[in-house]
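**Q** Next comes the sequence, and after it the predicted model I'd like to discuss.
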Amino acid sequence: MFSTLTMLCLMAGMPILTMGSALAAFPGINGKITFESKRDGNTEIYIMNSDGSNQMNLTNNPAEDDDPTFSADGMQIAFASTRDGNYEIYVMNADGSNPMRLTNNSANDLTPAFSPDGTKIAFASARAGNLEVYVMNTDGSNPIRLTNNPAIDRAPAFSPDGTKITFRSNRDGNDEIYLMSADGTNQTRLTTNPAEEFGPAFSPDGTKIAFTSTRDGNDEVYVMNIDGTGQTNLTNSPLGDNYPSFSPDGTKIAYRSARDGNREIYVMNADGTNQTRITNDPAEDLDPDWGTAVFSSTNTPTNTAADISTPTNSSTNTVTPTDLPTNTPTLSAAPTSTDTGTPTPTFTRTSTPTNTETATSTLTSTPTSTPTSSLTSMADLIFADGFESGDLSAWSSSTTDGSDLSASLDALTSNYRLQAVIDDNNAIYVTDDSPSAETRYRARFYFDPNTIVMKNNDNHYLFQGYSGTSAAVIRVQLRYSNGNYQIRAALRNDSSTWTSSSWFSITDAPHPIEIDWRAATANGANNGGLTLWIDGTQRANLTGIDSDTRRIDRVQLGAVSGIDNGTRGAYYFDAFDSRRQTSIGP
């Protein structure tokens, strides 16, 4: 229950920690999970695959960003943020791009929830003096008050058919779960217990509501029929389990739990079995919402980065979900970029898409409807390859020196990766010619030294980016020094002078390496630069570079050049991803 101080803060419009949205699992194929995390020092919105891999910060803002919830199609996330002084409702693309403020009120607006048809957002607001449930259009227009009670009504969620809204209210003295028609009529109490009941979440078929109850002395996850009958306990942990969210296929429930010492995200079967932790961070991870899989066209979209919300592609498409338990490459959403933002480390490799996508048998139906929207990352993406095709055909070309460079199967993970066998001084690399006069180029790849033998101070280049086909502009270099593998990055100015970072030691293990190269914006601006991340931590930021004439048209990955006689053995690359704007992250 809210403290008196918290209630006063809400009424006055002061920022406070939000208390978790109610959620609806819209029916579909299981996609990604969005959640809150405090791992960056304040509350931010993150997204991850449903197995916990590929965790990425979507908001990256010094304010508090809370209460994330997916739209029914999985393309957008609504959330509450204090970035403009008090809590307001925002919406962004599911990759973190294009955040837009929807409400503008001196009081707090909290806990948004999309309607299943995508035309409305329900939310809680203190604009009338206490928290009440409102609904508005998805552009923020026409807010309508649905509840009118001197108590606190909050955390609304639409039913999957859009006819009902569940919410949390303390109008009867303690927090209980209520249900009403979508127009605010027929408000009915579903739980009747002296304990607190909160965090209701619809199942995708609309027949069940999962919720949190303190009736057992601490927070536990329960499920009930939508008329309040059949209330059943699903969890039993002395440190608390709360804020459940059904998966779109109805077979699983995501929730947060403190059972391992701090609050993390867990997933269990819908009957409470097989409870599995999927985040593991010293900070708190909170309030998951499970989205439907986003479907991506297998033919090339024609929209541009400047016009990402309405593609002009109108052809018949074969579609593949982006989060399926197969080796089919999947699209990874990315957070809004900043020049010095830090990608979020997870150290879990995931498949990434190539720019030549192929139909798979992971989905048997072939919808013929015209797509109406597309994730930003499709326009932002330049090229990506996780080598899961088992060959190098996704790349523009490859220089293999016989079979020294190949896609090799990792026996431990059953995933493919790029293997470079160095048995002479010949360069071996893959080439991507997808970049086209890029003024900004971001790339991330995994590198594993694999105990390759190198004499002291041996060094060579693992990655190079070129203006045209031969003028190197960016490079990432490997060195062995005093028993340590080391990495550094460098960029070239208009006068062909190189500026290099310091050397940074890495262990003999896989490491995500990410760069963000920017050309100078004009002659004399001298604002070009290069930022380097290793293991998700920014290690260098080279700025003040005169590089307005430089562009990126080609990149190469492998043992690109400069191999020494004392370097012999094999090492590995994986999960290459390149983009024009957005941060990629580990």
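**A** Here it is on my side, so go on.
**Q** Could I get the contacting residues of residue 436?
**A** Neighbour list for residue 436: residue 553 [criterion: C-beta atoms under 8 Å, 6 or more residues apart in numbering]. All C-beta atoms are positioned from the backbone trio N, CA, C, and that covers glycine.
**Q** could you redo the last one with a cut-off of 10 Å?
**A** 382, 551-554, 580 (C-beta atoms under 10 Å, 6 or more residues apart in numbering).
**Q** Likewise for residue 566?
**A** Counting by C-beta under 10 Å, 6+ apart, residue 566 touches 453-458, 480.
**Q** can you check residue 218 too?
**A** Contacts of residue 218 (C-beta under 10 Å, 6+ apart): 195, 235-242, 258.
**Q** Residue 425 and residue 558, how far apart?
**A** Using C-beta to C-beta, to the nearest Å, one gets 14 Å for the distance from residue 425 to residue 558.
**Q** Between the two, tell me which one has more neighbours.
**A** Between residue 425 and residue 558, residue 558 has the larger neighbour count (other C-beta atoms under 10 Å), namely 25 against 14.
**Q** Please identify the helix or strand for the nearest residue to that one once chain neighbours are set aside.
**A** Among residues not flanking residue 558 along the chain, residue 429 sits closest, at 3.2 Å (C-beta to C-beta, 6 or more residues apart in numbering). According to DSSP states H and E, residue 429 maps onto strand 428-432.
**Q** elements contacting that strand?
**A** Packing contacts for strand 428-432, counted by 3 or more C-beta pairs under 10 Å, 6 or more residues apart in numbering; DSSP states H and E, involve strand 381-385, strand 397-399, strand 405-410, strand 415-422, strand 459-467, strand 554-561, strand 569-579.
**Q** so what strands line up beside it?
**A** For strand 428-432, the paired strands and their directions (DSSP bridges) are strand 397-399 (antiparallel), strand 554-561 (antiparallel).
**Q** most tightly surrounded among the ones you listed?
**A** Counting by mean count of other C-beta atoms under 10 Å, strand 554-561 has the highest mean neighbour count of the strands paired with strand 428-432, with a mean of 24.
**Q** any idea of the mean pLDDT for that one?
**A** Mean pLDDT, strand 554-561: 96.
**Q** chain center to it, what's the gap?
**A** When C-alpha coordinates are averaged (C-alpha atoms, centre = their mean, to the nearest Å), strand 554-561 and its chain have centres 28 Å apart.
**Q** Keeping just the C-alphas, turn it into CSV.
**A** In CSV, the C-alpha atoms belonging to strand 554-561 read as follows (Å, rounded to 0.1, in the frame of the first residue of the first chain):
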residue,chain,number,x,y,z
ARG,A,554,33.3,-1.3,-47.4
VAL,A,555,34.4,-3.2,-44.3
GLN,A,556,36.4,-6.4,-43.7
LEU,A,557,36.5,-8.7,-40.8
GLY,A,558,39.1,-11.4,-40.0
ALA,A,559,42.9,-11.5,-40.0
VAL,A,560,42.7,-8.5,-42.3
SER,A,561,46.4,-7.4,-42.6
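**Q** Could you check the angle that strand makes with strand 459-467?
**A** Computed with axes from the mean of the first three to the mean of the last three C-alpha atoms, to 10 degrees, the direction of strand 554-561 lies at 160 degrees from that of strand 459-467.
**Q** Start and end of stretch 453-466, how far apart?
**A** Criterion C-alpha to C-alpha, to the nearest Å; first-to-last residue distance in stretch 453-466 is 29 Å.
**Q** And stretch 171-185, by the same measure?
**A** This stretch, stretch 171-185, spans 16 Å end to end (C-alpha to C-alpha).
**Q** which residues does the nearest residue to residue 124 once chain neighbours are set aside bridge with?
**A** Leaving aside its sequence neighbours, residue 124 sits nearest to residue 154 (C-beta to C-beta, 6+ apart; 3.7 Å). On DSSP bridges, the residues paired with residue 154 through beta bridges are residue 168.
**Q** wait, isn't residue 154 in contact with residue 131?
**A** Yes - using C-beta atoms under 10 Å, residue 154 is in contact with residue 131, at 4.7 Å.
**Q** and those two? which has more neighbours close in?
**A** Of the pair residue 154 and residue 131, residue 131 is the one with more neighbours under other C-beta under 10 Å, namely 31 against 28.
**Q** Outline the domain layout of the chain.
**A** With automatic domain parsing as the criterion, the domains of the chain are listed as 4-292, 298-320+328-586.
**Q** quick one, which of these is packed in tightest?
**A** Each of these was scored by mean neighbour count; the highest is domain 4-292, a mean of 21, by mean count of other C-beta under 10 Å.
**Q** for residue 26, helix, strand, or coil?
**A** Under the three-state scheme (DSSP: H, G, I helix; E, B strand; the rest coil), residue 26 adopts coil.
**Q** Identify the residue nearest it in space, chain neighbours excluded?
**A** Nearest non-adjacent residue to residue 26, counting by C-beta to C-beta, 6+ apart: residue 72, 3.9 Å away.
**Q** Distance-wise, check residue 580 relative to residue 542.
**A** In terms of C-beta to C-beta, residue 580 sits 20 Å off from residue 542.
**Q** For the closest residue to residue 226 other than its chain neighbours, what are phi and psi?
**A** Using C-beta to C-beta, 6+ apart and skipping the chain neighbours, the partner closest in space to residue 226 is residue 209 (5.7 Å). Main-chain torsions, residue 209, degrees, to the nearest 10: phi -130, psi 120.
**Q** and residue 209, what pLDDT?
**A** On the pLDDT scale, residue 209 is placed at 97.
**Q** cool, and residue 96?
**A** At residue 96, the model reports a pLDDT of 95.
**Q** My guess is it contacts residue 47. True?
**A** Yes - between residue 96 and residue 47 there is a contact at 7.6 Å, judged by C-beta under 10 Å.
**Q** So which elements touch the helix or strand harbouring residue 45?
**A** Here residue 45, judged by DSSP H and E, is contained in strand 44-48. Other elements packing on strand 44-48 under the criterion 3+ C-beta pairs under 10 Å, 6+ apart are strand 30-37, strand 56-57, strand 65-70, strand 76-81, strand 285-292.
**Q** Tell me what angle the third one forms with strand 285-292.
**A** It stands for strand 65-70. Using the same axes, to 10 degrees: strand 65-70 against strand 285-292 is 20 degrees.
**Q** got any ranges where the protein has weak pLDDT?
**A** For the chain, the stretches with pLDDT under 70 are 1-25, 294-379, 411-413.
**Q** need the helices for it, in chain order.
**A** 4-12, 376-380 (DSSP state H).
**Q** rewinding a little: got the contact list for the residue nearest to residue 226?
**A** By C-beta under 10 Å, 6+ apart, the contact set of residue 209 is 22, 24, 157, 159, 164, 166, 177, 179, 190-191, 199-203, 222-228, 231, 244, 246.
**Q** now do residue 403
**A** Residue 403 neighbours (C-beta under 10 Å, 6+ apart): 419, 421, 428.
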